[in-house]
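[1] how would this look folded up:
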Amino acid sequence: MRNFASLIKLARFKVEDLQKQMAALDSARAHLESRIADLVRSVPEEQVAASETREGFMAYGSYAQAVIERKNNLRASMVELDAQTAALRVQLADAFRELKKFELMEERRLARLEEARAKAEQAELDEIAGTRAAR
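    Numbering: from 1, shown residues only. So this is what the prediction gives:
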């Protein structure tokens, strides 16, 4: 009977690697959300600063347009990250299924070995009992 320990170990490694990748994508998404929030918070501050001087008032339009463009770029990056995350979730689910399959196969193998050992032990006990009965 085949030992599935190496396959289980490899499958666990794959699951852990995919989980690390998922955590990295989640971290990147949180970073992008934070950057968008920073941009949103900076707009009122810049509006106040721009209203204090004529030059600031004139430059605010360019600033506002740049903020809008940066937010759009960040949101596009988030959409791309979401697509990568969805694809990675599928891979992770497949890796989990594969790991569980190998673990079940190993459990069954061990159960068969235990059953065979118990049968051999019972046969030995039956033989001893038969020998004693014959005496």
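
[2] So which elements touch the helix ranked longest in the chain?
    Assignment by DSSP state H gives helix 54-134 as the longest helix of the chain. Here helix 54-134 is seen to pack against helix 5-52 when contacts are counted using 3 or more Cβ pairs under 8 Å, 6 or more residues apart in numbering; DSSP states H and E. Every residue, glycine included, has its C-beta placed from N, CA and C.

[3] now the helix it packs on and helix 54-134, what's the angle there?
    160 degrees (axes from the mean of the first three to the mean of the last three Cα atoms, to 10 degrees).

[4] who's in contact with the residue positioned nearest the centre of the chain?
    Centroid check for the chain by Cα atoms, centre = their mean gives residue 19 as the closest residue, at 2.9 Å. Going by Cβ atoms under 8 Å, 6 or more residues apart in numbering, residue 19 touches residue 92.

[5] Number of residues surrounding residue 98?
    Look at residue 98: counted by other Cβ atoms under 10 Å, it has 16 neighbours.

[6] On the pLDDT front, check it for me.
    pLDDT recorded at residue 98 is 96.

[7] Would you confirm that it contacts residue 12?
    No: contact criterion Cβ atoms under 8 Å: residue 98 and residue 12 do not qualify, at 10.2 Å.

[8] pLDDT score assigned to residue 7?
    92.

[9] Give the closest residue to it in space, chain neighbours not counted.
    Leaving aside its sequence neighbours, residue 7 sits nearest to residue 102 (Cβ to Cβ, 6 or more residues apart in numbering; 4.7 Å).

[10] From residue 125, how far out is the one you found?
    Relative to residue 125, residue 102 is positioned 35 Å away (Cβ to Cβ, to the nearest Å).

[11] between these two, which one's more packed in?
    residue 102 (19 against 10).

[12] So, low pLDDT: which residues of the protein?
    Applying pLDDT under 70 to the chain flags the ranges 1.

[13] can you do 80?
    Along the chain, the model assigns pLDDT under 80 to residues 1-2, 49-50, 56-57, 134-135.
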